[in-house]
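Student: okay, here's the prediction I keep looking at, along with the sequence it came from:
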Amino acid sequence: MLQKLLVAVLATFAVSTASARDYISIAGSSTVLPFATIVAEQLGRNFNQKTPVVESGGSSVGKKGVCDGTGLQYIDIGNASSRMKVKELEYCSKNGVQVTEIKVGYDGIVLANSKESPRLQISLADLGKALTAKVPVNGEMVDNPYKTWKDVNPALPDLAIKVYGPPTTSGTRASFAEIVNEKAYCKKDKEVKAIGYKAKLCRAMRTDGAYVEAGEQDNLIVQKLQDDNDAFGIFGFSYLDQNSDTIQGAELSGVVPSFDAIGDGSYKASRALFFYVKHSHVQVVPGIHAYMKEWTKHWGEDGSLADAGMIPLGETEKLEMISRMEELPVLTADDLK
């Protein structure tokens, strides 16, 4: 009896889904957004089905959205520029949702400014020191007092620190805070370690105006830099690549962001890009398998995604991801450790 009831419920879900929504719903990372949009548009152009709807909102929105539950009111795929954490996967499990993780490529995180101003040359450690919320002064952690870049390091410009960046929902911000604030600065700074301050707390960004949350749309940050020659912005490399006529990337620890530098690992401020597929929607929302396969047609070194600024996976990783697309292994907490 219980088995018949379960079959009936699943059948009802499948019918209601097919009749009420005949397109794929995707949301999440603003960094993944332009790449996912290219794939979605190609799918809609080449197949007899509606173009998937791709929305932004940030990596947190993508990961939470795909885990919120099963049914038409929830998205099918969540995009992310930071990997799902165990706590986020537990939220999936709590709501009865299983997902498969697909890595699609890599992207650099850049600190950029207008080409009307000199290119900034700064170490990752000094950048973290300039932007983290608390720093050591006289043996204790206090609110960051540095007003200019020169206050952080006398070799830097005597220019007020003003950096536009994404909000807390952003995977770009999470990755920047981990790579720059935590690992490059706090974990290596002798004073921070002497105080016993937990490096993870260094991920908090300043809220005194030196760091300004500018929303999830990276192109809006680019516009601010074009209007303010003294300001800097944090966003994904693809947006720098697409606007290289007006803005430039800072040299971080001796390396200027470029396609090759991110690809070979010499540019350290980089991260992987993902999407998460909800298992229960794969067989009821048309086109999800086709959408995943469409990524593989464009993610090569000469593909449209590379042209848009995405750094391709290595060949071994590509084969692994293709296998995941076909087999849909369930993501587990052990996979994330």
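Tutor: Great, that's in hand.
Student: give me the most central residue, this structure.
Tutor: Centrality entry for the chain: nearest residue to the mean C-alpha point is Ser81, 2.0 Å, by CA atoms, centre = their mean.
Student: residues contacting the residue nearest to that one when sequence neighbours are not counted?
Tutor: Spatial nearest neighbour of Ser81, excluding adjacent residues (CB to CB, 6 or more residues apart in numbering): Gly171 at 3.5 Å. From N, CA and C alone the C-beta is placed, and that goes for glycine too. By CB atoms under 8 Å, 6 or more residues apart in numbering, Gly171 lies in contact with Ser29, Thr31, Gly58, Ser59, Ser60, Ala80, Ser81, Ser82, Arg271.
Student: for PyMOL, what selects the buried ones among those residues?
Tutor: Of the contacts of Gly171, the buried ones go into a single PyMOL selection, burial set by 16 or more other CB atoms under 10 Å:
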select buried, resi 29+31+58+59+60+80+81+82+271
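Student: related to what we said a few turns ago, was I right about the residue nearest to the centre of the chain contacting Asp107?
Tutor: Yes - the criterion here is CB atoms under 8 Å, and Ser81 meets it with Asp107 at 6.5 Å.
Student: list the residues that contact both of the two?
Tutor: Joint contacts of Ser81 and Asp107 (CB under 8 Å, 6+ apart) are Thr31, Gly236, Arg271, Leu273.
Student: tell me how many other residues surround the second one.
Tutor: Counted with other CB atoms under 10 Å, the burial measure for Gly236 works out to 30 neighbours.
Student: can you check the last one too?
Tutor: Using other CB under 10 Å, the number of residues around Leu273 comes to 28.
Student: so in terms of bridging, what pairs with it?
Tutor: Gly105 (DSSP bridges).
Student: my guess is Thr246 meets Asn229, correct?
Tutor: No - using CB under 8 Å, Thr246 is not in contact with Asn229, being 10.8 Å away.
Student: what's the overlap in contacts for those two?
Tutor: Ser114.
Student: about what we covered before: got a list of what the residue nearest to the centre of the chain touches?
Tutor: 29, 31-32, 59, 107, 170-172, 175, 236, 271, 273-274.
Student: next step: the contacts of Gly171 restricted to helices.
Tutor: Counting by DSSP state H, these place Ser59, Ser60 in helices.
Student: so where's the stretch 51-200 of the chain uncertain?
Tutor: Along the stretch 51-200 of the chain, no part satisfies pLDDT under 70.
Student: just the helices in it please.
Tutor: 59-67, 86-94, 124-131, 149-152, 171-176, 190-195 (DSSP state H, counting those that start in this stretch).
Student: quick one, which of those is nearest to Glu320?
Tutor: Closest to Glu320 of the helices of the stretch 51-200 of the chain is helix 86-94 (CB to CB; 19.4 Å).
Student: where does Val212 sit: helix, strand or coil?
Tutor: Under DSSP: H, G, I helix; E, B strand; the rest coil, Val212 falls in the strand class.
Student: in JSON lines, list the helices of the stretch 51-200 of the chain along with distance to Thr296.
Tutor: Compiled in JSON lines, the helices of the stretch 51-200 of the chain are given as follows (distance: least, CB to CB, whole Å):
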{"stretch": "helix 59-67", "distance to Thr296": "20"}
{"stretch": "helix 86-94", "distance to Thr296": "25"}
{"stretch": "helix 124-131", "distance to Thr296": "33"}
{"stretch": "helix 149-152", "distance to Thr296": "43"}
{"stretch": "helix 171-176", "distance to Thr296": "23"}
{"stretch": "helix 190-195", "distance to Thr296": "44"}
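Student: so for Val142, which of these sits nearest?
Tutor: Closest approach to Val142 among the helices of the stretch 51-200 of the chain (CB to CB): helix 190-195, 10.6 Å.
Student: mind checking how far Gly128 is from Ala308?
Tutor: Distance, Gly128 to Ala308, by CB to CB, to the nearest Å: 29 Å.
Student: these two - which one has more neighbours?
Tutor: Between Gly128 and Ala308, counted using other CB under 10 Å, Gly128 has the larger neighbour count: 27 against 15.
Student: around the nearest residue to that one once chain neighbours are set aside, how many other residues sit close by?
Tutor: Distances taken as CB to CB, 6+ apart place Tyr185 nearest to Gly128, at 2.9 Å, with adjacent residues excluded. By the criterion of other CB under 10 Å, Tyr185 has 24 neighbours.
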